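A.B. asks: Pasting the sequence and the predicted coordinates here, then a few questions.
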Amino acid sequence: MWLRQAFVVDPSQNLAVERDIVLKDGVIIEIAQNLQPEDVRAVLGLSNSEQIPQVNAAGKYLFPGLVDAHVHLREPGQEDKEDIRSGSRAAVRGGFTSILAMANTKPVIDQRALVEFVRIQGQRAGFAKVYPVAAVTKGFKGTELVEMMDLFEGGAVAFSDDGQGIQNSEIMRLALEYAKLTACPIIAHCEDNNLAGQGVMRRGEASARLGLRGIPASAESVMVARDVLLAGETEGKLHIAHVSTKESVQIIKKAKKLGIDVTAEVNPHHLLFTDEDISLTATAYKVNPPLPTRADQEALIEGLLDGTIDMLATDHAPHTWEDKAKPFAEVPFGINALETALAAVWQGLVAKGKLSIQKLVELWSLKPAQRFGLPAGMLKIGAPADMVLFDPDYKEEISAANLESKSLNTPFLGKEMQGFPVMVWVDGKLLLENRQIIDVKN
Amino acid sequence: MKWKHKDLLDLDVLQAEEIEHILHTAGPMKEILQRPIKKLPTLRGKSVVLLFYESSTRTRTSFETAAKILGADTTNFSVTQSSVNKGESLLDTARTLQAMNVDLVIVRHASSGAADFLAQELRAGVINGGDGQHAHPTQALLDLFTLKEKLGGFQGKKIVIVGDVLHSRVARSNVLGLKKLGAEVVLVGPPTLLPAEMNYLGVKISYDLDAELPGADAVMALRLQLERQQNGLFPSIREYAKLYGLNLERIRKTGKQTVVMHPGPMNRGIEIASDLAESPLSVIDEQVTNGVAVRMALIYLLIGGASSDVA
Amino acid sequence: MESKTKNKIMDQDGIRRAISRISHEILEKNKGTNNLVLIGIRTRGVPLAERIQQRILEFENVQLPLGLLDITLYRDDLSTIDVQPVLHETRVPFSIEGKVVILIDDVLFTGRTVRAALDALIDLGRPQKIQLAVLIDRGHRELPIRADFVGKNVPTSSREIISVCLEETDGRDEVLLLEKI
């Protein structure tokens, strides 16, 4: 396949320029400027009479397939909200070709058979590549470590009790220590349960006004501080999920200066919404960690630009509409994000000049691929052809009719957004065209 | 004045003149409460549902009395005798009420925003009878009515609200109303129950009751939820009462014939001593009477007019 | 609604004379002031009642009890009118039990206001009798109600409007016949 005149953005090669790309057998075999049909025929080994399948990509960007380090696919156990097939289709539609599936399913992913189930379900679906994250503790109880080596051999790429914080500091220390056997990072959901209490949004004037119980910023930051200290002490590998406070950014920055092996992610909703956006009936905005204050948000963006925060991740957390059709305090936390996150960041940061395109791709593709050791994040010759053709002008209204996810809990529902993937390939296979998933017949 | 609200969820959406209009309408309603025959034909054939998820005999009875005097039919949809116990969601309850074509729903719920949620789901009017820590607009209106009767007006009047402001929907709604009508409000309580975020209200915050009492035209004590102590928000009832409890001797520091209020039910000897609650300064019983009058006024304004008016 | 004046039915003197006559008729019919109370229907029934009270005081040197009645909550058209009427206080600071109530209003038209006032009165107690006094009776009754004392009968068409202005409420005394245009 010959992709012509795409504006290729690949931070791994420091590339941001118009290029032609040729694929064969799911792999990139040529990337060059202004190829001629005879050049393409040569690399593809075609005779002069054979047609060359080609795509005209002029005016569009080509990114390496995005990698999302934080996705909840809900299978097994909560398939009414999402399953691995619907979630991995939603991922492709959002431009993500590799996703990390969190372990807080029912049951939680704490045994090898379950890790393998998630991985194999992902392969069966055949859309985005699904990489399982295994639990840190058995049953998410926070008391006993899982069989990390067995889970690693079964396909786990990281360990996390994401969905809740590990309260016992000694267990966290042991996890960071023991996980060195696997060389996989521990993904920390930093939340002190006592400080968070029964809170449902960030504690501050906005929560006071709405009469909603608040979660203080410290509920996250004290755990970030604890975990980087433990990572430093154990020389373990730590990844902080969904950073949302100014203090967390400061602590991570300091930790990195000290040489601690820590990376961090931020979710688009924390960069684009604040606690002031919440109203009592806007349950789509209820998320954990809660939406930050304006000051926090500025620190998050600064941290993203100066390298303190290493990557973007969606924290895609689907919930059914009836889960969210309740008073604010009673609905579950989470935002459905895979199919809106890229457009949201494009509109909110890139189009406004706050974030460069190269940086966007680095944060959402190269960096997470590197941190979790995935074969993704670059468009080099010989690399798997996981690619996104992105049209910055494409507009779409977010609606139940066009979402691939089973759930609709996004603040963007009913709104028009701009900047979407128009074609997506996974291992050279075209899975999205004209914003429609191409069904795979196995 | 053309009343244009379908619901009353909190005072924030009301203009000062709309609040005054409610208080003005409550005056004639209070006269009706003194009559031998307390029954009007005004809302004949209108149905009012009392949807109380939190037990509150006082507020529910007050609303029910108000609706009945105006001639409406009232139905209690209380937690213990309804499908709520069988796990029916608020959404499905709303759908059921919608299907029964009721005219007005009065809701009390432990979750902030429950009234807003119902108002969004229902064509019927909704009055918030108290939602979580968010709002209790009818309590605030009856307090405003009582203050207006006692003080004549609000301009230049100093109102001290003392107690657990953080968790108080009564305090929140009262501050909104008092500010709109031009009163000076001071909030008093221990820092754990009056944290910095309460500055959003834009009124003075103080930890020292005795320092704030001089010049106070009215003092409103808030009910202390005793479980706050178990949660560690203050060390003991004894210390709380010592620092923030109102009594006859302490109230003399105002140097005025201060109006003493409490939304009830009182913890006697904690936030208010019996000597003060029973003194002529206390208007606590009158607050209850005024509660019925104010609720009559609101119900009349919400569903007494042409249906096109409240669309 | 636009309207134009067709003619002046009463001026200040005319109103004064009508009120004097009604006051005399009330005394005559009831053989004095014994057991009488006056109740004016808001808004313009109230100054008329006050004037009748004053006149009777001048004639008989007796000050009759005077009450004010707001009939808003008894109206049968609340659910159809567009702008909700402002509620005013009903103030009847005496018992009407066993009394002869003189109910006073400015204009008698369909009879619906008087019907509402009768219901409101009966909720206040059980009077011995209720008699109705109006300044103008313009006809077009929709209920079987008639006035006991009438200042002036004015046959009207349904396109016409009677406008009663009183010093206390409108700054001048006059009754006009208007026509909708």
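C.D. replies: Cool, got the structure.
A.B. asks: Just the strands from chain C, written as ranges.
C.D. replies: Counting by DSSP state E, chain C has strands at residues C:3-10, C:36-41, C:66-69, C:100-108, C:129-137, C:149-153, C:160-165, C:174-180.
A.B. asks: Minimum distance to chain B: which of those has it?
C.D. replies: For chain B, the closest of the strands of chain C is strand C:66-69, at 10.5 Å, according to Cβ to the nearest Cβ. To be clear about C-beta, it is placed using only N, CA and C from the backbone, and glycine gets the same treatment.
A.B. asks: what about the closest one, near chain B?
C.D. replies: No: using Cβ under 8 Å from any Cβ of the partner chain, we find that strand C:66-69 stays clear of chain B, coming within 10.5 Å at best.
A.B. asks: Output the contacting helices and strands for that strand.
C.D. replies: Applying 3 or more Cβ pairs under 8 Å, 6 or more residues apart in numbering or on different chains; DSSP states H and E, one finds that strand C:66-69 contacts strand C:36-41, helix C:45-60, helix C:112-124.
A.B. asks: per-residue pLDDT, the residue nearest the centre of chain C?
C.D. replies: Central residue of chain C (Cα atoms, centre = their mean): C:Asp105, 0.8 Å from the mean position. As predicted, C:Asp105 sits at a pLDDT of 97.
A.B. asks: Surely it touches C:Val46?
C.D. replies: No: at 9.5 Å, C:Asp105 does not count as touching C:Val46 under the criterion of Cβ atoms under 8 Å.
A.B. asks: looking at the helices and strands packed on strand C:66-69, which is buried most?
C.D. replies: Burial of these is given as mean neighbour count (mean count of other Cβ atoms under 10 Å in any protein chain shown); strand C:36-41 ranks first at a mean of 24.
A.B. asks: can you list the residues of chain B near chain C?
C.D. replies: So chain B meets chain C at B:1-3, B:21, B:24-25, B:27-29, B:31-32, B:35-37, B:39-42, B:70, B:297, B:300-301, B:304-309 (Cβ under 8 Å from any Cβ).
A.B. asks: taking those one by one, which sit in helices?
C.D. replies: If you go by DSSP state H, these have B:His21, B:His24, B:Thr25, B:Gly27, B:Pro28, B:Met29, B:Glu31, B:Ile32, B:Ala297, B:Tyr300, B:Leu301 in helices.
A.B. asks: List buried members of the residues you listed by neighbour count.
C.D. replies: B:His21, B:His24, B:Thr25, B:Gly27, B:Pro28, B:Met29, B:Ile32, B:Ala297, B:Tyr300, B:Leu301 (16 or more other Cβ atoms under 10 Å in any protein chain shown).
A.B. asks: Farthest pair within those?
C.D. replies: B:His21 and B:Ile32 (17.8 Å; Cβ to Cβ).
A.B. asks: ok, which residues in the stretch 1-150 of chain B are in contact with chain A?
C.D. replies: Within the stretch 1-150 of chain B, the positions adjacent to chain A are B:89-91, B:109, B:111-114, B:116-117, B:120, B:131-135 by Cβ under 8 Å from any Cβ.
A.B. asks: How much space separates the spatially most central residue of chain B from chain C?
C.D. replies: Nearest residue to the geometric centre of chain B (Cα atoms, centre = their mean): B:Gln139, 1.4 Å. Separation of B:Gln139 from chain C (Cβ to the nearest Cβ, to the nearest Å): 22 Å.
A.B. asks: one step back: got the helices and strands packed on strand C:66-69 as TSV, with distance to A:Leu46 columns?
C.D. replies: Output for the helices and strands packed on strand C:66-69, formatted as TSV (distance: least, Cβ to Cβ, whole Å):
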stretch	distance to A:Leu46
strand C:36-41	100
helix C:45-60	102
helix C:112-124	94
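A.B. asks: Can you turn the buried part of the residues of the stretch 1-150 of chain B next to chain A into a PyMOL selection?
C.D. replies: The command below creates a PyMOL selection of those among these that count as buried (16+ other Cβ under 10 Å):
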select buried, chain B and resi 90+91+109+111+112+113+114+116+117+131+132+133+134+135
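A.B. asks: Check the residues of the stretch 1-150 of chain B next to chain A for the minimum pLDDT and say which it is.
C.D. replies: Scoring the residues of the stretch 1-150 of chain B next to chain A by pLDDT puts B:Ser89 last, at 87.
A.B. asks: secondary structure class for the nearest residue to that one once chain neighbours are set aside?
C.D. replies: Spatial nearest neighbour of B:Ser89, chain neighbours left out: A:Lys326 (6.5 Å); criterion: Cβ to Cβ, 6 or more residues apart in numbering or on different chains. Here A:Lys326 is coil, with the state taken from DSSP: H, G, I helix; E, B strand; the rest coil.
A.B. asks: correct me, but A:Lys326 touches B:Leu90?
C.D. replies: Yes: counting by Cβ under 8 Å, B:Leu90 is a contact partner of A:Lys326 at 6.2 Å.
A.B. asks: which neighbours do the two share?
C.D. replies: Overlap of the contact sets of A:Lys326 and B:Leu90 (by Cβ atoms under 8 Å, 6 or more residues apart in numbering or on different chains) consists of B:Phe117.
A.B. asks: Within the sheet, what are the partner strands of the lowest-mean-pLDDT helix or strand in chain C, with directions?
C.D. replies: Lowest on mean pLDDT, DSSP states H and E among the helices and strands of chain C sits strand C:3-10, with a mean of 90. Sheet pairing of strand C:3-10 (DSSP bridges) gives strand C:174-180 (antiparallel).
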